[in-house]
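Student: sequence unavailable; structure follows:
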């Protein structure tokens, strides 16, 4: 079977292959991870790559099964936002992942693995400090507030997303999506 591609497509594939090999050599020498230094070093826009392309390359570099294994291991235990853990806004709470599922999105040049998760957030000792007033509220009180509750819920979810972006996506290339989030007194 012959596949016909135009000149622009051929140029893109050649450029993509070149940059892929360059990035793999960088990871061979410096370790397979993506962080601020990586993004400063590689000008993705001029390379014709998106951030999601690079995360897919990281998964390809490590190997699909190894990446999934590392990601699943990182989901275990209790995770903390605030307290002495990952800092995000003025929030303090613990959470666990109770369910996960791997799916993928395919494009002509790469596959992006997605880990869909279900999360339980502990309301025990959970707080938020309001920026405007400096008042500290329990997470339950803030969520129940008719004016700010929906904002707080969105920010709690966003903090968990940011946490896993740092801990999983930048380490193994697998994107994390939160399918369900429940606030509970016990975890």
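Tutor: Right, received. Where do you want to start? Since the model is a prediction, treat every value here as computed from it, not as a measurement. Numbering: from 1, shown residues only.
Student: per-residue confidence for residue 147?
Tutor: With respect to pLDDT, residue 147 scores 93.
Student: ok, it - how many residues close by?
Tutor: 6 (other C-beta atoms under 10 Å). The C-beta positions use only the backbone N, C-alpha and C, and glycine is treated the same way.
Student: sec struct for it, please.
Tutor: Using DSSP: H, G, I helix; E, B strand; the rest coil, the secondary structure recorded for residue 147 is coil.
Student: next, it: phi, psi?
Tutor: As for residue 147, its main-chain torsions (degrees, to the nearest 10) stand at phi -90, psi -50.
Student: what residue is smack in the middle of this structure?
Tutor: By C-alpha atoms, centre = their mean, the mean C-alpha position of the chain lies nearest to residue 165, the distance being 2.3 Å.
Student: would it count as being in a helix?
Tutor: Yes: under three-state DSSP, residue 165 falls within a helix.
Student: wait, it touches residue 176, no?
Tutor: Yes: using C-beta atoms under 8 Å, residue 165 is in contact with residue 176, at 6.9 Å.
Student: against residue 124, how distant is the closest residue to residue 113 other than its chain neighbours?
Tutor: Nearest non-adjacent residue to residue 113, counting by C-beta to C-beta, 6 or more residues apart in numbering: residue 174, 4.5 Å away. Here residue 174 is placed at a distance of 30 Å from residue 124 (C-beta to C-beta, to the nearest Å).
Student: residue 173 now?
Tutor: According to C-beta to C-beta, residue 173 stands 34 Å off from residue 124.
Student: more crowded one of the two?
Tutor: A side-by-side neighbour count of residue 173 and residue 124, using other C-beta under 10 Å, places residue 173 first with 27 against 13.
Student: what's the more buried one sitting at in phi/psi?
Tutor: With angles defined as degrees, to the nearest 10, residue 173 sits at phi 90, psi 0.
Student: same question, residue 36
Tutor: Torsion angles, degrees, to the nearest 10, at residue 36: phi -60, psi -40.
Student: count of neighbours near it?
Tutor: 8.
Student: try the one 5 residues further on
Tutor: For residue 41, the count of nearby residues is 11 (other C-beta under 10 Å).
Student: and for residue 104?
Tutor: Residue 104 is flanked by 13 other residues according to other C-beta under 10 Å.
Student: name the helices or strands packed onto the worst-scoring helix or strand of the chain on mean pLDDT?
Tutor: Every helix and strand of the chain was ranked by mean pLDDT, DSSP states H and E. The lowest is helix 44-47, at a mean of 78. Under the contact definition 3 or more C-beta pairs under 8 Å, 6 or more residues apart in numbering; DSSP states H and E, helix 44-47 sits against helix 51-62.
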